[in-house]
Structure formats: C-alpha cells, structure tokens
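Q: below are the sequence and a predicted model; questions follow.
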Amino acid sequence: MRTDRALFRDSLLAAALVVASVALFVANRQSDWAEAALVALACAPVAARRRWPLAALCLAQLPAAVLAALDRDPGLAGLAGLILLYTVAAHRGLAIALAGLAVATIGYFTSASLSPSSMMWTAHALTTMIGVAVWGTGRSMRLRRAFLEELKDRAARLERARDADTRAARAEERSRIARELHDVVAHHVSVMTVQAAAARKVLTANPELAAEALTAIEETGRLAMNEMRNIVGVLRTDSLSGPPERGPQPGLRDLPALVEQMREAGLPTELEVEGASAVPAGVDLAAYRLVQEGLTNSLRHAGPGARARVSVRQAPRELSLLVVDDGRGSSAEQTEGTGHGLVGIRERVALYGGILRVGPRTGGGFEVRATFPLKDG
C-alpha cells in the first residue's frame with residue numbers, strides 16, 4: 001500500500017513535468033510533435049524514480065541528448081534529471097549512487113557536445129556544481145534516514161530490554177514474596193497446630209492450660225496476619241488506599257521473641273548470641289528466616305521431648321548460624337520435607353554467597369548450619 005501511494009505521487013509529478021515541458025515547447029512555436037514526444041519522454045521516467053531510479057536516470061538521458069543535438073528547448077527535462085539524480089543518491093547505496101552521478105555527468109557533457117549552441121565554461125561549471133549539490137543532498141538525506149532508523153531500532157531494543165528487565169524483576173519479586181509468605185505461614189501454622197493439639201489433649205483434664213494454649217494460638221494467628229499484611233502491603237498500588245504498608249522486616253534482633261514463641265509451642269529452645277552487631281539488611285533477614293525455618297522444622301519432626309538450640313556468632317568477616325535439635329524424627333523427612341522451606345533457605349544463603357549444611361547430626365538429632373560472609377567486616 002505504501003509503495004502504491006509513492007508510485008501514484010511520482011506519476012502525478014511526472015505528468016506535471018510532461019505537461020509543463022510540452023507547454024513550454026509549444027509556447028516557443030515549436031510544433032513538431034515528434035520532438036514534443038521527446039520532451040515528454042525526457043520527463044516521463046520520473047514516474048519510476050523510486051522503483052528503478054538508476055534505470056530511469058539512464059532513460060532520461062537519451063531523449064535529452066537527441067533534443068540537444070536538434071537544438072530544441074528540452075523544457076523541464078533538466079529538472080527531471082536533477083530529480084532522478086537526487087532519487088538515486090537518496091534511495092540507493094553508495095556504489096549505485098556514484099554510478100548515477102557518473103551517468104548524469106556523462107549525459108550532460110554528451111548533450112553539451114552535441115548541441116550546436118555553445119555555452120560559456122562558467123555555465124558548465126555552475127550546472128556541474130548544482131548537480132553535485134543535488135547528489136550530495138540526496139546522500140545526506142539517505143544517511144539521515146539511516147541514522148533515524150538506527151535510533152528507532154535502538155530505542156525498540158532498549159524498550160524490549162527494559163520490558164525484559166521489568167518482567168525479570170517482577171518474577172524475582174514474586175519469588176521473594178512467595179518465599180516470605182511460605183516462611184511466615186509455615187512457621188506460624190506449625191506453631192498453631194502443635195498448640196491446638198496440646199490444647200485438645202488437656203482440654204478436659206486441665207481447662208486452664210488448654211485456655212493458655214488457645215490464647216497462644218490466638219496471638220500466633222494475629223502475628224501471622226500482621227506479618228503477611230506487611231509482606232503483601234508492598235503489592236498494593238491503589239492510590240485511593242494511600243501508601244502501601246511497609247513494616248520493618250524481621251532480623252536477628254527478633255530472635256528472642258521467636259525462641260520464646262517456640263518455647264510456648266512446646267519446643268524447649270536455647271539461644272546463644274555472640275558478637276551479633278549490625279549486619280547488612282539482606283543478610284539480617286536471611287539469617288532470621290533460616291533460624292525460623294530450622295526451628296519450625298524441629299517443631300514438626302523432632303518428636304516429643306526434643307530440645308533445640310540456636311547459636312549465633314559474628315566474627316570479623318562472617319556470620320555463623322546453627323540450629324540443632326536432639327530429637328528422633330525422620331531425618332529424610334526433615335531434610336527433604338514436603339514444602340519449599342529448605343529450598344528457599346538454600347536460595348537465600350546462596351544469594352549472599354553463604355555456605356549451608358542441612359542434615360542429621362552424629363549421635364542423633366538434626367542441624368541447620370550456615371555461614372554468611374560479611375564483606376564490610
């Protein structure tokens with residue numbers, strides 16, 4: 001469709017040149033219609049200037065040379081030649097453009113040599129300068145179009161790259177949120193399940209103890225809802241609801257509360273902290289989630305009567321974490337599990353260049369051990 005429109009416009013331009021040239025031919029009292037046809041043929045190739053520009057330029061030179069030999073007014077054939085020369089330079093490569101310049105130069109000087117009328121050398125120089133200027137303008141337009149196309153292509157590539165980066169960032173954020181939700185839900189639901197089982201067992205024999213367990217379940221449920229609300233709050237984009245909620249993420253400072261929660265759930269837990277000062281925020285969150293997942297794992301699988309211990313030690317250039325229990329649960333079940341908790345822990349540790357060991361202990365029990373490098377010392 002675009003080619004058809006260009007051909008239509010070029011045909012109109014050629015027709016206008018033909019009519020104007022023939023009109024000038026007749027106005028000069030030249031009534032030889034064969035010569036008028038030559039004038040028309042010198043302008044007609046403009047109609048094919050976009051499809052076959054070099055061929056059209058060559059065809060236009062022949063009737064122009066015959067008219068010059070007959071010493072007849074060529075009308076607007078010279079203008080048609082300049083249009084064709086510009087088209088060759090603007091729409092074809094350098095080799096064809098140079099060939100077009102050579103054809104136009106040879107055609108002009110051939111017509112000048114065949115013409116009985118003589119011209120001053122200044123006229124020839126001016127005509128040559130005009131032709132070279134037209135050719136140079138065509139080349140500059142071609143280079144400008146190529147530059148603009150390159151800019152458009154580069155902008156399109158950058159747009160695609162930005163879209164790909166955006167999709168990757170969204171996927172990474174969804175994965176992070178999924179890990180956070182899993183850690184929160186798995187931990188708190190596990191605690192609530194153990195507490196509910198304990199309340200059911202003592203409900204008849206010791207109603208007060210059952211009431212305490214139910215109260216702990218209620219508090220754990222509220223805590224889980226608050227943490228999930230903080231995590232999912234960053235996804236809210238409705239401007240009418242105000243800015244999203246962005247509560248602080250948990251870290252090593254929250255380990256005492258986590259250990260106390262595990263004690264209330266029925267898992268006696270000890271906490272040892274040595275030299276744990278300020279650490280990078282990402283490592284801080286990853287360390288907390290690792291301890292949370294390790295204690296949740298022990299609560300689920302270590303069995304009745306088991307005890308757990310959490311050890312946190314910060315050396316000048318590394319942070320070491322250890323979560324162990326002395327239970328007799330299934331080590332395969334603890335290691336592999338049915339969810340994504342340990343998989344998420346492995347990803348977190350690998351993200352910060354740490355080393356993770358998960359597995360049964362010699363002599364019984366289970367351990368989760370991790371070391372995070374601290375680049376800032």
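A: The structure has been received and is ready for your questions. Numbering: from 1, shown residues only.
Q: tell me where this structure has strands.
A: Taking DSSP state E as the criterion, the chain carries its strands at 269-274, 308-314, 318-325, 355-360, 366-373.
Q: quick one: which of the ones you listed is nearest residue 50?
A: Of all these, it is strand 366-373 that lies closest to residue 50, at 65.3 Å by C-beta to C-beta. C-beta coordinates here come from the backbone N, C-alpha and C atoms, glycine included.
Q: okay, now the sheet partners of the closest one, with direction.
A: strand 318-325 (antiparallel), strand 355-360 (antiparallel) (DSSP bridges).
Q: strand 308-314 and that one, what's the angle between them?
A: If you take axes from the mean of the first three to the mean of the last three C-alpha atoms, to 10 degrees, strand 366-373 sits at 10 degrees to strand 308-314.
Q: would you mark the buried spots in strand 366-373?
A: Going by neighbour count (16 or more other C-beta atoms under 10 Å), the buried part of strand 366-373 is 366, 367, 368, 369, 370, 371, 372.
Q: what sits up against it?
A: Outside strand 366-373, the residues within contact range by C-beta atoms under 8 Å, 6 or more residues apart in numbering are 279, 283, 286-287, 290, 293-294, 297-298, 301-302, 317-325, 327, 329, 331, 334, 345, 349, 352-361.
Q: C-alpha coordinates for it, CSV please?
A: The C-alpha trace of strand 366-373 is given here as CSV (Å, rounded to 0.1, in the frame of the first residue of the first chain):
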residue,chain,number,x,y,z
PHE,A,366,19.2,-32.6,63.2
GLU,A,367,21.1,-29.5,62.4
VAL,A,368,20.9,-26.5,60.1
ARG,A,369,24.3,-24.7,59.8
ALA,A,370,25.0,-21.6,57.7
THR,A,371,27.9,-19.2,57.3
PHE,A,372,27.4,-15.8,55.7
PRO,A,373,30.4,-13.7,54.5
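Q: now the helices for the protein?
A: 2-27, 33-43, 53-69, 77-91, 94-114, 121-202, 207-232, 255-264, 281-301, 331-336, 341-351 (DSSP state H).
Q: least reliable of the ones you listed going by mean pLDDT?
A: Mean pLDDT is lowest for helix 331-336 out of these, coming in at a mean of 50.
Q: hang on, the earlier thing: and the buried residues of strand 366-373, which is closest to residue 141?
A: Once C-beta to C-beta is applied, the member of these that ends up nearest residue 141 is residue 372, at 61.0 Å.
Q: before we move on, back to that, which of the contacts of strand 366-373 are buried?
A: 279, 283, 286-287, 290, 293-294, 297-298, 301-302, 319-325, 327, 329, 331, 334, 345, 349, 352, 354, 356, 358.
Q: any idea how far residue 106 lies from residue 127?
A: According to C-beta to C-beta, to the nearest Å, residue 106 and residue 127 sit 14 Å apart.
Q: kindly state the domain boundaries assigned to the protein.
A: Per automatic domain parsing, the structural domains of the chain span 2-118, 252-377.
Q: and those as JSON lines, adding distance to residue 147?
A: Listed next are these as JSON lines, based on distance: least, C-beta to C-beta, whole Å:
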{"stretch": "domain 2-118", "distance to residue 147": "14"}
{"stretch": "domain 252-377", "distance to residue 147": "43"}
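Q: indicate which one of those domains is closest to residue 195.
A: Among the domains of the chain, domain 252-377 comes nearest to residue 195, with 5.6 Å by C-beta to C-beta.
Q: which one of residue 106 and residue 127 has more residues nearby?
A: More crowded of residue 106 and residue 127, by other C-beta atoms under 10 Å: residue 127, with 16 against 12.
Q: leaving out chain neighbours, which residue sits closest to the more buried one?
A: Once flanking residues are discounted, residue 127 sits nearest to residue 108: 6.6 Å by C-beta to C-beta, 6 or more residues apart in numbering.
Q: quick one: closest of the strands paired with strand 366-373 to residue 11.
A: Short answer: strand 355-360, nearest of these by C-beta to C-beta, at 75.7 Å.
Q: now do that closest one: distance to the chain's middle.
A: 37 Å (C-alpha atoms, centre = their mean, to the nearest Å).
Q: just stretch 313-329 next, same as before
A: With C-alpha atoms, centre = their mean, you get 40 Å for stretch 313-329.
Q: residues in contact with that stretch?
A: So stretch 313-329 is contacted by 267, 274-277, 279, 283, 287, 290-291, 294-295, 298, 300-303, 305-312, 361, 364-375, 377 (C-beta under 8 Å, 6+ apart).
Q: if we use 7 Å, what do you get?
A: 274-277, 279, 283, 287, 290-291, 294-295, 298, 301-303, 306-312, 361, 364-374, 377 (C-beta atoms under 7 Å, 6 or more residues apart in numbering).
Q: using CSV, list the CA coordinates for that stretch.
A: Output of stretch 313-329 as CSV, limited to C-alpha atoms (Å, rounded to 0.1, in the frame of the first residue of the first chain):
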residue,chain,number,x,y,z
ARG,A,313,28.2,-15.9,66.3
GLN,A,314,29.6,-13.0,64.4
ALA,A,315,33.3,-13.0,63.6
PRO,A,316,35.1,-10.0,61.9
ARG,A,317,34.2,-11.2,58.4
GLU,A,318,31.5,-13.8,58.7
LEU,A,319,28.2,-14.6,60.5
SER,A,320,27.7,-18.2,61.6
LEU,A,321,24.3,-19.7,62.5
LEU,A,322,23.5,-23.0,64.0
VAL,A,323,20.0,-24.5,64.7
VAL,A,324,20.2,-28.0,66.2
ASP,A,325,17.8,-30.4,68.0
ASP,A,326,18.2,-33.7,69.8
GLY,A,327,15.0,-35.3,68.5
ARG,A,328,14.5,-38.6,66.9
GLY,A,329,12.4,-37.5,63.9
